[in-house]
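S.K.: Sequence first, then the predicted structure, then my questions.
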Amino acid sequence: MSAGGAVVTGLGVIGPWGAGCPGLIEALRAGAPLSSEVDRTAGYHAAGGARRAALVPSLDLARFVPPAQARRLALPSRWSLAAARMALEDAGLPALEGRRVSVVLATVFGSVLFTEKLVRQILDEGPEAAQPFYFSECVANAPTAQVALALGARGANVTVTQREAGALSALAIAAQEVTEGRADVAITGATDEMTPLLHSLLDRYRAIAKPAGGRSEAPRPLAAGRDGFLAGEGAVALVVERDVDAAARSARPLARIAGSARAFDPTATESDWGVGHERLGRALSALLATTFPDGARIDAIVSGASGAIRGDALEGRVLRHAWPAGDLPPVVAPKGVVGEYGGGHLAAAILAAAGAEFGALAAFDAPDPEIGIVPGRLAGGSPPARILASALASGGAAAWILLERP
Amino acid sequence: MSGAEAAHSPSDSIVVTGLGAVTAFGWGVSALWEGVRSGRTAIGPFDRFDATRHRTHVAAQVDLEPAPERPGPRTSLADRFAIAAAREAAGSARLPLGEPRERLGVWFGSSTGGMLESERYFEVFLRRGALRARPGLLAAQQFNGPGDAVARDLGAGGPVVTISSACSSGAMAVGAALRALRRGEVDTAVAGGSDSLCQLTYAGFNALRSVDEQPSRPFRKDRQGLSLGEGAGILVLERAESARRRGVPALCVLAGEAATCDAHHMTAPHPEGRGAGEAISLALADAGADPVEVDFINAHGTGTPLNDAAEAMALNRVFGDRTSGIPLTSTKALIGHLLGSAGAVEAVVTILCLLRGEVHPMPDVGERDPEIPLDLVLGSPRRLGNARCAISISLAFGGTNAALVFRREPFA
Amino acid sequence: MVTGETTAQRIKRLLVDKLHLDGLAPEGIDDRMPLFGEGLGLDSVDALELVVALEKEFNLRIQSHEVGREAFASVESLAAYVDGRVASVGDSHVGG
């Protein structure tokens, strides 16, 4: 179903590339995974397992989150607030008075560090040692609430927890908030943090890429020998408004949201992808047909392929199902650069729509013959006419967004 | 402006065709109704985990003995509650299952997912090392666990979304389903929530000194805080036209919804209930209902000194002089605060009250609070044979508020 | 715990460490400065956080109704409260 009439007018990003779009744009152009060594001194990790993650470097965010505000915020809240303010600045909307604002953010794991600390306190020291700070920040909706609190946003406050499909699902909801008149502005995006403990658990689940033989540890989306994704963290925020409102204040939209759809594959297991590519493929085809009934060409696909073994297989088959003639547009896989979690894929999709360049993925070696898709490049320059962003979640959910040149 | 001027025609109404629930009163909607009717609280000593060192020692726990299914190896307790409630709701709505359901979506609320099982994992992990702890326990940890479990169990093919907005998750999930049906995104929506007791929330709310040592006493003068509970609540929703075509009775209409944010403080509500009042007003407007039409209120009513006072002020803003004459109850006094599933279970209870023409009571304990002149239903059920319209309110941690409006039939 | 510290000094150290008042030195907190609202500007969650820290540091149990009362108005009043509690025999582990 479409969500027309909404545009993205601002983008704020914090991730392994640092703070701000220039770092991300450069990283997407270069095509190399933004990974660094995880701190394994706590001893959670198994020997021979994964050692790298796409981690946010130490950042001075005082310009966006003054220390007095930051002192009680866990990292996801701090990053989300900074990203939201960056996005509003980018949108030319530093003040929101008189506007009704909704906040719709996605997270997969919530505030992991504080949750760990709280659980440890309860189990090690006893319930009486539980710190109120940790609890109030470890609910999944803490970042969403903190953003609303800082901005005075009194519209709907929605936290979507739908794993890898959460960010695009949140974007669809945000677009509906403004096109259906419940808000004038919607701040949307995603945030997650990657702690050593969480990293070690993902490794134990064999979900993430690891060193093997002489090969570097890196995510290899859509590749034959892929062995998992790159775990990431950060926060991304978008400003979404009605196209008429953006035009009225002469804002320069980054992209128009032409359509969105969400579906589910019940063959998935609770922590992996399934084999329902036909049903999901039909849902995607229906979205394309409804949004562009004249069959207009999609210029590029910003795929959610991450290096996950079953996830990438499903993604590839779904895309092939929706392009049965085999004439797939270029497919880029930015999670090979920014990793999974934290909104990097969402940001990459907006940047693609705005005309960013995507270089070849440095770590990609051989294509998987069963998928038959090689991650491509985007030359960048002028914004493409139409982009598809795709995100399939472990557990079964799926979300797609169609972006158009504004 | 009266409800008759609303834009929706009867065939456009979104109706409830199935209900399911698991609570401390038992597995199923009948057990829930018998329990809430009785006015006896289900909050008491519990053993979901060892609460000896926690600051308080009561909660409303689900008895696992009568559980209909045996758990799978990677199924959390919250998943089990969710699946059981969903099967009951789907059964009562006579949803044809076992075939691809592209036009069936699931909207769900959960605040902790499988955290209880994760805590058990970490107990072993911390005491005996990572290799001894069963990773399977973490498989169901995710917030989206229960909602996805329902979607897989029902074979859903449409949108599946879990919202985790603390205490308003369940109500927001129901509200999101309503909007999806109105815009034609799906033909059937299964909407609800599920949460289990766990040490994280039990210790956390205690660290905030928000928990009463006794079963909570909403809106009473001597109230000291909330009581926690666990369980799941589910509604099956579809367009009235669809229910008629399938020959399934429409239990009532889900007439309106709204969600707002106080943007005031992370743990304390706006003292004048500003955001809450807005949510109630907007939900009524969405339902095409005038405040004068509301026959009873299922309040958020946690029993914390601040929440109840703010909520009472919010009600006053909306209902004015009429406020102290509208029968009001809080299901939390009986089944505890179910966090992510509270809004959904309370929606089920509100619907049951509408259907039976009876507002369930809260236990008649404590003293009247002179600052809160509400018409509390205490001790025994209040007969309201002509009840047509009711509102259910959920006010969450972080200041996010939601309200749902139900009508007995499309138009008076 | 640093030996030779007064109760007031220990409380100031807790305020800075536990409430993450970065950039503020413990000595920079005046004994009589209001802690809540004005002065240091702490709020209700800070109060609860402080209670947990005090209970741990001084081996006390603080009842809910005592939080936010006059005892918590300033470092001076808090130090007097803590000294009074610690001095009474049998206070530390009894009661819930």
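M.R.: Nice, thanks for sending it over.
S.K.: For chain C, what's the nearest residue on the stretch 101-250 of chain A?
M.R.: Here the stretch 101-250 of chain A gets closest to chain C at one residue, A:Pro132, 4.2 Å apart by Cβ to the nearest Cβ. C-beta: built from backbone N, CA, C; applies to glycine.
S.K.: Could you do chain B as well?
M.R.: Nearest to chain C in chain B, going by Cβ to the nearest Cβ, is B:Arg209, at a distance of 4.7 Å.
S.K.: count of neighbours near A:Ala156?
M.R.: By other Cβ atoms under 10 Å in any protein chain shown, the residues close to A:Ala156 number 31.
S.K.: hang on, it packs against B:Ala259?
M.R.: Yes - applying Cβ atoms under 8 Å, one finds A:Ala156 in contact with B:Ala259, separated by 4.0 Å.
S.K.: which residues do the two both contact?
M.R.: Counting by Cβ atoms under 8 Å, 6 or more residues apart in numbering or on different chains, the contacts common to A:Ala156 and B:Ala259 are B:172, B:400.
S.K.: returning to that earlier point: next, the contact list for the residue of chain B closest to chain C, please.
M.R.: By Cβ under 8 Å, 6+ apart, the residues touching B:Arg209 are B:55, B:225, C:48, C:64, C:67.
S.K.: Can you report phi and psi for the first one?
M.R.: In other words, B:Arg55. Backbone torsions of B:Arg55, given as degrees, to the nearest 10, read phi -70, psi -30.
S.K.: What does the pLDDT read for the closest residue to B:Ala299 other than its chain neighbours?
M.R.: For B:Ala299, ignoring the flanking residues on the chain, the nearest one in space by Cβ to Cβ, 6 or more residues apart in numbering or on different chains is B:Ser330 at 4.7 Å. Here, the pLDDT recorded for B:Ser330 equals 98.
S.K.: Tell me how far B:Ser330 lies from B:Ser216.
M.R.: From B:Ser330 over to B:Ser216 the distance is 9 Å, taken as Cβ to Cβ, to the nearest Å.
S.K.: same check, this time on A:Ala251
M.R.: Counting by Cβ to Cβ, the gap from A:Ala251 to B:Ser216 is 49 Å.
S.K.: out of those two, which sits in the more crowded spot?
M.R.: The residue with more neighbours, out of A:Ala251 and B:Ser216, is B:Ser216; 34 against 20, by other Cβ under 10 Å.
S.K.: In contact with C:Val45, which residues are there?
M.R.: For C:Val45, the contact set (Cβ under 8 Å, 6+ apart) comprises A:72, A:132-133, A:136, B:208, B:266-267.
S.K.: ok, B:Pro271 - how many residues close by?
M.R.: Neighbour tally, B:Pro271, other Cβ under 10 Å: 13.
S.K.: I figured it hits B:Ala310, correct?
M.R.: Yes - here B:Pro271 reaches B:Ala310: they are 5.8 Å apart, a contact under Cβ under 8 Å.
S.K.: in a helix, that's where B:Ile280 is, yeah?
M.R.: Yes - B:Ile280 forms part of a helix when assessed by DSSP: H, G, I helix; E, B strand; the rest coil.
S.K.: Can you tell me how far it is from chain A?
M.R.: Distance of B:Ile280 to chain A, computed by Cβ to the nearest Cβ, to the nearest Å: 14 Å.
S.K.: Next one: that residue from B:Val405, what distance?
M.R.: Separation of B:Ile280 from B:Val405 (Cβ to Cβ) stands at 9 Å.
S.K.: Quickly list what's touching both of those two.
M.R.: Taking Cβ under 8 Å, 6+ apart as the contact rule, B:Ile280 and B:Val405 both touch B:Ile391.
S.K.: before we move on, which element is the spatially most central residue of chain B in?
M.R.: Centroid-nearest residue in chain B, with Cα atoms, centre = their mean: B:Gly343, separated by 2.3 Å. B:Gly343 is located in helix B:342-356, with elements delineated by DSSP states H and E.
S.K.: and that helix, average pLDDT?
M.R.: For helix B:342-356, the mean pLDDT works out to 97.
S.K.: Who are the packing partners of the very next helix or strand once past it?
M.R.: Moving toward the C-terminus from helix B:342-356, the next helix or strand (DSSP H and E) is strand B:358-359. Judged by 3 or more Cβ pairs under 8 Å, 6 or more residues apart in numbering or on different chains; DSSP states H and E, strand B:358-359 is in contact with strand B:382-383.
S.K.: Tell me which helix or strand comes right after the strand it packs on.
M.R.: Remark: after strand B:382-383, the chain's next helix or strand is strand B:389-395, criterion DSSP H and E.
S.K.: Please name the residues that touch B:Val36.
M.R.: By Cβ under 8 Å, 6+ apart, the contact list for B:Val36 reads B:25, B:331, B:334-335, B:349, B:352, B:360.
S.K.: so how far is A:Ala183 from A:Gly214?
M.R.: As for A:Gly214, its distance to A:Ala183 is 53 Å (criterion: Cβ to Cβ).
S.K.: okay, stretch A:290-300 in CSV with CA atoms only?
M.R.: What follows is stretch A:290-300, C-alpha atoms only, in CSV (Å, rounded to 0.1, in the frame of the first residue of the first chain):
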residue,chain,number,x,y,z
THR,A,290,0.6,-0.4,-7.1
THR,A,291,3.1,2.3,-6.8
PHE,A,292,4.2,2.4,-10.4
PRO,A,293,1.2,1.1,-12.4
ASP,A,294,2.8,2.1,-15.7
GLY,A,295,5.8,-0.2,-14.9
ALA,A,296,8.3,2.6,-14.6
ARG,A,297,11.9,1.3,-14.2
ILE,A,298,13.6,1.1,-10.8
ASP,A,299,17.1,2.5,-11.1
ALA,A,300,18.7,0.7,-8.1
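S.K.: which residues in chain A form strands?
M.R.: Counting by DSSP state E, one finds strands in chain A at the ranges A:6-15, A:18-19, A:36-37, A:52-53, A:101-106, A:157-160, A:185-192, A:234-242, A:255-264, A:300-302, A:331-332, A:386-392, A:397-404.
S.K.: buried residues in the fifth one?
M.R.: For strand A:101-106, burial by neighbour count (16 or more other Cβ atoms under 10 Å in any protein chain shown) applies to A:101-106.
S.K.: Adjacent strands (with direction) for that strand?
M.R.: strand A:157-160 (parallel), strand A:185-192 (parallel) (DSSP bridges).
S.K.: Between strand A:6-15 and the longest one, find me the angle.
M.R.: Think strand A:185-192. Angle, strand A:185-192 to strand A:6-15, by axes from the mean of the first three to the mean of the last three Cα atoms, to 10 degrees: 30 degrees.
S.K.: sorry, back to before: so A:Gly214 and A:Ala183 - more neighbours on which side?
M.R.: More crowded of A:Gly214 and A:Ala183, by other Cβ under 10 Å: A:Ala183, with 25 against 5.
S.K.: Verify the contact between B:His54 and B:Phe205 for me.
M.R.: No - using Cβ under 8 Å, B:His54 makes no contact with B:Phe205, being 10.0 Å away.
S.K.: Compare those two (neighbour count), which wins?
M.R.: B:Phe205 (27 against 21).
S.K.: Once you drop chain neighbours, what's closest to that one?
M.R.: B:Phe205 sits nearest to B:Val211 (Cβ to Cβ, 6+ apart), 5.0 Å away.
S.K.: Report the contact partners of that neighbour.
M.R.: Shown in contact with B:Val211 (Cβ under 8 Å, 6+ apart): B:55-56, B:202, B:205, B:225-228.
S.K.: got JSON lines for those, with distance to B:Ser38 and pLDDT too?
M.R.: Below are those laid out as JSON lines (distance: Cβ to Cβ, whole Å; pLDDT from 0 to 100):
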{"residue": "B:Arg55", "distance to B:Ser38": "29", "pLDDT": "93"}
{"residue": "B:Thr56", "distance to B:Ser38": "24", "pLDDT": "97"}
{"residue": "B:Tyr202", "distance to B:Ser38": "26", "pLDDT": "97"}
{"residue": "B:Phe205", "distance to B:Ser38": "26", "pLDDT": "95"}
{"residue": "B:Gly225", "distance to B:Ser38": "23", "pLDDT": "97"}
{"residue": "B:Leu226", "distance to B:Ser38": "21", "pLDDT": "98"}
{"residue": "B:Ser227", "distance to B:Ser38": "17", "pLDDT": "98"}
{"residue": "B:Leu228", "distance to B:Ser38": "21", "pLDDT": "98"}
